[in-house]
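*Asks:* here's my sequence, what's the structure:
(chains A and B)
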Number of protein chains: 2
Amino acid sequence: MLAAVADLLVESGYDAVTVDAVAERSGVHRATVYRRWADVGGLLADVLAAAATDDWQPPDTGTLRGDLRAVNREVHAALTGGSPITTALIAASFRSPAAADALRVFWLDRFERCAPIVTRALDRGDLAAPVDHRELLVAATAPVYFEELLLRHPSDPDRWADLAADHVR
Amino acid sequence: MLAAVADLLVESGYDAVTVDAVAERSGVHRATVYRRWADVGGLLADVLAAAATDDWQPPDTGTLRGDLRAVNREVHAALTGGSPITTALIAASFRSPAAADALRVFWLDRFERCAPIVTRALDRGDLAAPVDHRELLVAATAPVYFEELLLRHPSDPDRWADLAADHVR
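*Replies:* A predicted model of the protein is given here:
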């Protein structure tokens, strides 16, 4: 059912994601869909919750720059790739408080998982002093989200990763 | 008529901005509204175009940090203040290509107007070497947009301004 929600979001946007459409696409009975999710926001929240329970770990490239570049390339690929589920969910978050809450939880969880990027950099001596890993990750990734999603202008993920890495050293 | 569009957007969101609703709110005849704007995207684009022709200039505080803090406070106020027209337009940009185009033009114009922040900093010796003013402005402002709009988490505009300023020195 979650795959059906994701397909509908990507193909046709938030307006296409109705309980009826999800029932039809997934082959699950409408009553079952309604029983599980009261509204579309709940459906979207569950799509994100499923993503949040994966085993994603930040890349370990051996350098701070490399780690941030790898994260930024993932963000960039998610925003520009062939399956724009991330963009569709962000767009939906402006209309569904449940989707917005789920996105926040998803991002905060991802930022927490990136804490080893900072501890590894400290162990290697790439970083002279501890830095807030959430702040470092926002500094690296926020320009990519802003340029690709809001400004709709091509963003260079490596450049922003390098600036964030240089900046904390 | 543009004020009517802005009011509707802020009060009720994109779905409320119809040509009929704008005609009713503004007291302008429906046929006149239709003649001027083929669709809602065109209406939104004109709201932004009106903002782009204002005489906004970046603040001149005497320091690079101060200038960036002042810009970031404006961004933060626009995203968190009582009249969330900016947030409403950004939300609409995910559904209207015309609104997205207009937002891009608006931001790129604002970034260009911020070029004096860099030239003044060079003249004062705040900056040792020229930097790309667009990049500097994105570094300062993008985290505020990301945190307030996407992460929906309180953002500290001064902190991000200081980080961007320190980073280029």
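
*Asks:* which residue of chain A lies farthest from its centroid?
*Replies:* The C-alpha centroid of chain A is most remote from residue A:31, which lies 30.8 Å away (C-alpha atoms, centre = their mean).

*Asks:* helix, strand or coil for residue A:131?
*Replies:* Classification of residue A:131 by DSSP: H, G, I helix; E, B strand; the rest coil places it in coil.

*Asks:* look at it and report its pLDDT.
*Replies:* In this model, residue A:131 is scored at 93, pLDDT.

*Asks:* what sits against the residue nearest to it when sequence neighbours are not counted?
*Replies:* In this structure, residue A:131 finds its nearest non-sequential neighbour in residue A:168, 4.7 Å apart by C-beta to C-beta, 6 or more residues apart in numbering or on different chains. The way it works is simple: take the backbone N, C-alpha and C, and place the C-beta from them, glycine included. With contact set as C-beta atoms under 8 Å, 6 or more residues apart in numbering or on different chains, residue A:168 has these partners: A:64, A:127, A:131, A:136.

*Asks:* so of those, which ones are in helices?
*Replies:* A:64, A:136 (DSSP state H).

*Asks:* pull the CA atoms of the helix or strand of chain A with the lowest mean pLDDT into PDB?
*Replies:* Here the helix or strand of chain A ranked lowest by mean pLDDT, DSSP states H and E is helix A:40-52, holding a mean of 76. The C-alpha coordinates for helix A:40-52 follow below in PDB (Å, rounded to 0.1, in the frame of the first residue of the first chain):
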ATOM      1  CA  VAL A  40      -4.000  11.200   3.300                       C
ATOM      2  CA  GLY A  41      -1.700  12.900   5.700                       C
ATOM      3  CA  GLY A  42      -1.500   9.700   7.800                       C
ATOM      4  CA  LEU A  43      -0.700   7.700   4.600                       C
ATOM      5  CA  LEU A  44       2.200  10.100   3.800                       C
ATOM      6  CA  ALA A  45       3.500  10.000   7.300                       C
ATOM      7  CA  ASP A  46       3.700   6.200   7.100                       C
ATOM      8  CA  VAL A  47       5.600   6.300   3.800                       C
ATOM      9  CA  LEU A  48       8.200   8.400   5.600                       C
ATOM     10  CA  ALA A  49       8.100   6.400   8.800                       C
ATOM     11  CA  ALA A  50       9.000   3.300   6.600                       C
ATOM     12  CA  ALA A  51      12.000   5.200   5.300                       C
ATOM     13  CA  ALA A  52      13.000   6.200   8.800                       C
END
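
*Asks:* can you point out the buried residues in that helix?
*Replies:* Buried positions in helix A:40-52, judged by neighbour count with 16 or more other C-beta atoms under 10 Å in any protein chain shown: A:40, A:41, A:43, A:44, A:45, A:46, A:47, A:48, A:51.

*Asks:* cool, stretch A:145-163 as well?
*Replies:* Neighbour count says stretch A:145-163 has A:145-151, A:155, A:157, A:160-163 buried, by 16+ other C-beta under 10 Å.

*Asks:* of these, which are in range of chain B?
*Replies:* A:145, A:146, A:147, A:149, A:150, A:151, A:163 (C-beta under 8 Å from any C-beta of the partner chain).

*Asks:* in JSON lines, list the residues you listed along with secondary structure.
*Replies:* Shown next, in JSON lines, are these (three-state DSSP):
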{"residue": "A:145", "secondary structure": "helix"}
{"residue": "A:146", "secondary structure": "helix"}
{"residue": "A:147", "secondary structure": "helix"}
{"residue": "A:149", "secondary structure": "helix"}
{"residue": "A:150", "secondary structure": "helix"}
{"residue": "A:151", "secondary structure": "helix"}
{"residue": "A:163", "secondary structure": "helix"}
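
*Asks:* quick one: which of the residues you listed is nearest residue B:119?
*Replies:* residue A:163 (20.7 Å; C-beta to C-beta).

*Asks:* please save the CA atoms from stretch A:4-21 in PDB.
*Replies:* Extracted in PDB, the C-alpha atoms of stretch A:4-21 (Å, rounded to 0.1, in the frame of the first residue of the first chain):
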ATOM      1  CA  ALA A   4       1.000   2.700  -4.100                       C
ATOM      2  CA  VAL A   5       1.100   6.000  -2.200                       C
ATOM      3  CA  ALA A   6       4.600   6.700  -3.400                       C
ATOM      4  CA  ASP A   7       3.800   5.900  -7.000                       C
ATOM      5  CA  LEU A   8       0.700   8.200  -7.000                       C
ATOM      6  CA  LEU A   9       2.600  11.000  -5.300                       C
ATOM      7  CA  VAL A  10       5.500  10.900  -7.800                       C
ATOM      8  CA  GLU A  11       3.200  10.400 -10.900                       C
ATOM      9  CA  SER A  12       0.500  12.900 -10.100                       C
ATOM     10  CA  GLY A  13       1.200  14.800  -7.000                       C
ATOM     11  CA  TYR A  14      -0.600  15.300  -3.700                       C
ATOM     12  CA  ASP A  15      -4.000  15.800  -5.200                       C
ATOM     13  CA  ALA A  16      -3.900  12.300  -6.700                       C
ATOM     14  CA  VAL A  17      -3.300  10.600  -3.400                       C
ATOM     15  CA  THR A  18      -6.800   9.800  -2.200                       C
ATOM     16  CA  VAL A  19      -7.800   6.800  -0.100                       C
ATOM     17  CA  ASP A  20      -9.800   5.600  -3.100                       C
ATOM     18  CA  ALA A  21      -6.900   5.900  -5.500                       C
END
